[in-house]
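Colleague: Structure, please.
(2 chains)
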There are 2 protein chains.
Amino acid sequence: METKSIKRIALFLVGLFMLNVTMAQEIQRQRGPQIISPAIADNNSVTFSLYSQVAKSVSVSGSWMGFGEKAEMTKNADGVWLVTVEPLEPSMYHYNFILDGVTILDPANPQAMRDGTRYANTLFIPGESSEVFQVRDVPHGSVKKVWYNSPSLDLTRRMYVYTPPGYEDSKENYPVLYLLHGGGGDEDAWTSLGLANYILDNLIAEGKAKPMIVVMTNGNPNQKAAITEIQPEPTENGLIIATDQFPVSLVNDVIPYVESHFKVIANSSNRAIAGLSMGCLHTQLASMNNPTLFKYMGLFSLGLHPDDNNLKEIMKPLIAAYDKNLKTLQKNYELFYVACGTEDFVYEGVQNLRKKLDDNDFEYIYNETGGGHTWANWRDYLADYTPRLFK
Amino acid sequence: METKSIKRIALFLVGLFMLNVTMAQEIQRQRGPQIISPAIADNNSVTFSLYSQVAKSVSVSGSWMGFGEKAEMTKNADGVWLVTVEPLEPSMYHYNFILDGVTILDPANPQAMRDGTRYANTLFIPGESSEVFQVRDVPHGSVKKVWYNSPSLDLTRRMYVYTPPGYEDSKENYPVLYLLHGGGGDEDAWTSLGLANYILDNLIAEGKAKPMIVVMTNGNPNQKAAITEIQPEPTENGLIIATDQFPVSLVNDVIPYVESHFKVIANSSNRAIAGLSMGCLHTQLASMNNPTLFKYMGLFSLGLHPDDNNLKEIMKPLIAAYDKNLKTLQKNYELFYVACGTEDFVYEGVQNLRKKLDDNDFEYIYNETGGGHTWANWRDYLADYTPRLFK
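Modeller: Below you'll find the predicted structure:
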C-alpha cells in the first residue's frame, strides 16, 4: 500500500509536470492520511474509505445492494470513514459515497463511469464469472466514433462501431449486430458500462462467437450525441422514448450507412439486433415492423406490458405490430432470444410476452437468471446471445 | 428552469424505465430543492449551487482560478449553498466543489471529464474565442480507438486515431499529425480535454487546415491503455516518463502501424508532431533523435531546463540530441513552432530553448500568450498550429 500511495502522488505530481516539493507538501497536507479505497480482501469483502474530519455522515451505496440501500461508514480517530461490506461475487459493480446527503465519487478510486447523467465509481471483482468482460491478452477490435446523417430525425448524430480484430487487414465482409442501450443511456453505454467490445474480443478469441461488427447507436431521437459531447448545452431528453422515431431511423438511416461504409454482408441472415430495456422496446419495434430485416433478435429485460397504464401508450403500437407481423417473422427468423432476471421489475411483462409467443407456437430461447434490471445481467446476456449468432 | 428540471427528473425515471410514482417521490424527497448548477448569466457570471442541509463548508475551485484558490459558498434558508463568480471569458473550464474537505463533482451538472485520476465538471462559456472547439454543424471526422502491438514496450496498447470527414469514402491519402498529451494524461486527453477532433473538424470546414489524420497515443510507457479501461487494476505509473521509451516506441511501432493501416502519405513532408508538457518533451526527443522524420514540430509549454535539478536527468539526453542533430534538422524542416503562456511555470525553460535556437540561427515561430499550463492554452495552440501544417 505504501508503494502504491507514493506512486499515486508521483503520478499526480507528474500531472503537473513539476517536481515542486512545496506544492507536493501542500497537496499532501490537504489530502490527509493515505487512503486506499476500495480495498478488496482475499475473500472478496471490500473496504471503502474516505477522509473527512468534519463530515457528519458518510455511507456507501452500491449496485450489489437493493434500491435506496446503503452501508453507513464510521469515522476512526484519524478522521477516516470506513466500512467493510460482505464478500461480493466476481463481477463489475458501481458505487457512490453519500457525504452529508450529497452523492459523490470515491476520491481515492480513479475508476469511474457515467450512467446517463450520473457518475459512479466502478469496482471490479475478478473471478471466473467476470473473465468474459475483462481486458485480456487477446487481439482487440477497434471502437470507432462515427457521425452519420439521419434524415429521419433531421440530425447529424453519433454512433459507435466495433470492428473485430483483423477487420482492417481483411478482405472479407462481416455480419452485423445492432446493439441498443436502455433509457437514460446513449451511444457510450454498451462499451463503458456493458464492456461489449471486450466481451466480443474474448468470445471471438475463444472461437465461441463469429467475428462480427457491432453497431451501438444513440436511441434518444432528439440527441446528436452523448450529453458529455455537446457543449455548451446538452440536448435535454424528455419522455419521447416511447415513440417509434428511433427504430425508424435505425432502419432507414443507420443500416444503410453501415452497409455502405463498412465491410458488411448485407442480408438478413447476417443481420442481428438486440437491446436492453428501452433498447429492447426499440428492438421489438424495429423487428416486428420489418419482419424480414433481421434473422436474429435479442430481447433483454423487457416484454409486453398490456395492463400497465403508464406503459400502455408505449405498448399499443408494438402489440399491433406483433398482431400484424408475427406470422411473417415466424417464416423468416433463426433466433428469438428472450432474457430476464427474476427480480427485474419488468419480469411480469416478459411473462406476458412469452404467453403471446407460446399462444402463437413461436419458438424462442428463454434465459431466466437471478438479479434485476442491471448491467451485470446485460453483460451476461450479451455473452450468452452473441455465440448463437450467424451460425 | 422549471421545464429543464422536470425534464431532468423525467430522464432519471426513464433511466429506470419505470414510471413508478412512489420511487419518483422518494428520489425527489432525497434530492431536496431543484438545483440548476452551473447557471450562466447574460454577462457570463456563473452561479454554482449545491444542496446539503448538514454540510459545514462548501466551496468551488475552478480552472479560471490560481492554484489552490477557491470561492466559498454560503447556505441559504433552504439548505442550498450558493456562490456567484465574476464574468468569465468564453472558453471551456473545469471545476469541482469541496464539500467538508472532500473534492466532489457538482451533482447537478451532467457534464464532466477525467483529467488523469481526477474527475471534474466542465463549464462551457460560449463566445467567439470558444467557437473553434464547439461541436458545430459541420462535417465531423471519426475517432477510432485502436489497439496496436508495441514490441519496443512489449505491450499491446491503445491509441486514438482521428480521420477527417470524407476519409472513409476517399481514395486519397492523408498527412498525419502525431499529437502527444502531458504527464498524468493518456490517449483520451486530447479529445476529452483538448477537443482536438472538433478543432480539426471546424478548421477543415473553414478551409483553414488541410484534412489530416491525427494520432493520439498514450505516452506512459507502462500503460496498456487509459486507467479507466483496464480492470481490475489500472497500471500504476511511476516516474519513468523521463525516459526515452515512449518516443522510441512512437518511431518504431506507432508510425509503421499507422502508415500500414491508414490511408497515409508516408513521407516527412506529410508527417507532423506536436505535444504539450511531457508530450512536448517526447516531441523534442522524437524529432531531435530522428531529425529527418518530421518536417513540422509543435512544442507546447515546455522547453529546455538545464539548471533545474529535478529535471536535469530528464533534460540531459535531450540537450545531447539537440547538440548532435540540430544542424541536420535545420536542413530538413518546414516549421518549428514554440508556444507558451507568460504565467506558465515552464516559461523560463522555454526562454532557455529559444536562446539555444537563436544561438544556432535556427528559425522558429514563437507564440507567447497569457495564461499558464492549461488546456485553454493547449486548445488555442493546436488551433494556431494545425493551419500551418502541410502547406
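
Colleague: average pLDDT across stretch A:39-51?
Modeller: The average pLDDT for stretch A:39-51 rounds to 96.

Colleague: How far away from the center of its chain is the longest helix anywhere in chain A?
Modeller: The single longest helix within chain A, with elements called by DSSP state H, is helix A:309-330. A distance of 26 Å separates the centroid of the chain from that of helix A:309-330, by CA atoms, centre = their mean, to the nearest Å.

Colleague: Now A:F300, what are its backbone angles?
Modeller: Per-residue torsions, A:F300: phi -110, psi 120 (degrees, to the nearest 10).

Colleague: follow-up on the earlier one: show me what counts as buried in the longest helix of chain A.
Modeller: Applying a neighbour-count criterion of 16 or more other CB atoms under 10 Å in any protein chain shown, one finds A:311, A:314-315, A:318-319, A:321-322, A:325-326, A:329 buried in helix A:309-330. C-beta coordinates here come from the backbone N, C-alpha and C atoms, glycine included.

Colleague: and these as a markdown table, adding pLDDT?
Modeller: As requested, those are arranged in a markdown table below (pLDDT from 0 to 100):
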| residue | pLDDT |
| --- | --- |
| A:L311 | 71 |
| A:I314 | 76 |
| A:M315 | 85 |
| A:L318 | 91 |
| A:I319 | 92 |
| A:A321 | 94 |
| A:Y322 | 96 |
| A:N325 | 97 |
| A:L326 | 97 |
| A:L329 | 97 |
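
Colleague: Closest one of these to chain B?
Modeller: A:L311 (7.4 Å; CB to the nearest CB).

Colleague: wait, doesn't that closest one sit right on A:H305?
Modeller: Yes - assessed by CB atoms under 8 Å, A:L311 is found in contact with A:H305 at 4.4 Å.

Colleague: list residues touching both of those two?
Modeller: Counting by CB atoms under 8 Å, 6 or more residues apart in numbering or on different chains, the residues touching both A:L311 and A:H305 are A:G349.

Colleague: hang on, the earlier thing: anything in the longest helix of chain A near chain B?
Modeller: Yes - using CB under 8 Å from any CB of the partner chain, helix A:309-330 reaches chain B at A:310-311.

Colleague: What lies in contact with that helix?
Modeller: Contacts for helix A:309-330 (CB under 8 Å, 6+ apart): A:242, A:244, A:281, A:284-285, A:287-289, A:291-292, A:304-306, A:308, A:349, A:356, A:360, A:362, B:18-19.

Colleague: try 6 Å
Modeller: Residues outside helix A:309-330 that contact it (CB atoms under 6 Å, 6 or more residues apart in numbering or on different chains): A:242, A:284-285, A:288-289, A:291, A:305, A:360, A:362, B:19.

Colleague: Save the residues you listed as TSV, and put in pLDDT and neighbour count too.
Modeller: Output for the contacts of helix A:309-330, formatted as TSV (pLDDT from 0 to 100; neighbours: other CB atoms under 10 Å in any protein chain shown):
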residue	pLDDT	neighbour count
A:A242	53	18
A:Q284	97	24
A:L285	95	23
A:M288	97	22
A:N289	96	18
A:P291	97	19
A:H305	83	21
A:N360	96	14
A:F362	98	16
B:L19	34	16
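
Colleague: from the residues you listed, which is closest to A:I265?
Modeller: The shortest gap between A:I265 and any of these belongs to A:P291, at 19.8 Å (CB to CB).

Colleague: contacting residues around that closest one?
Modeller: By CB under 6 Å, 6+ apart, A:P291 lies in contact with A:325, A:328-329.

Colleague: A strand includes it, no?
Modeller: No - checked against DSSP: H, G, I helix; E, B strand; the rest coil, A:P291 lies outside a strand; its state is coil.

Colleague: how close does it get to A:G185?
Modeller: Distance of A:P291 to A:G185, computed by CB to CB, to the nearest Å: 26 Å.

Colleague: And stretch A:372-391, how far out from the chain middle?
Modeller: The chain centre lies 11 Å from the centre of stretch A:372-391; the measure is CA atoms, centre = their mean.

Colleague: and it, does that touch chain B?
Modeller: No - Stretch A:372-391 stays clear of chain B (CB under 6 Å from any CB of the partner chain), getting no nearer than 7.2 Å.

Colleague: domains of chain A?
Modeller: The record's domain parsing of chain A by automatic domain parsing lists A:32-126, A:133-388.

Colleague: right, so these: which one is the most enclosed?
Modeller: Stretch with highest mean neighbour count among the domains of chain A: domain A:133-388 (a mean of 20; mean count of other CB atoms under 10 Å in any protein chain shown).
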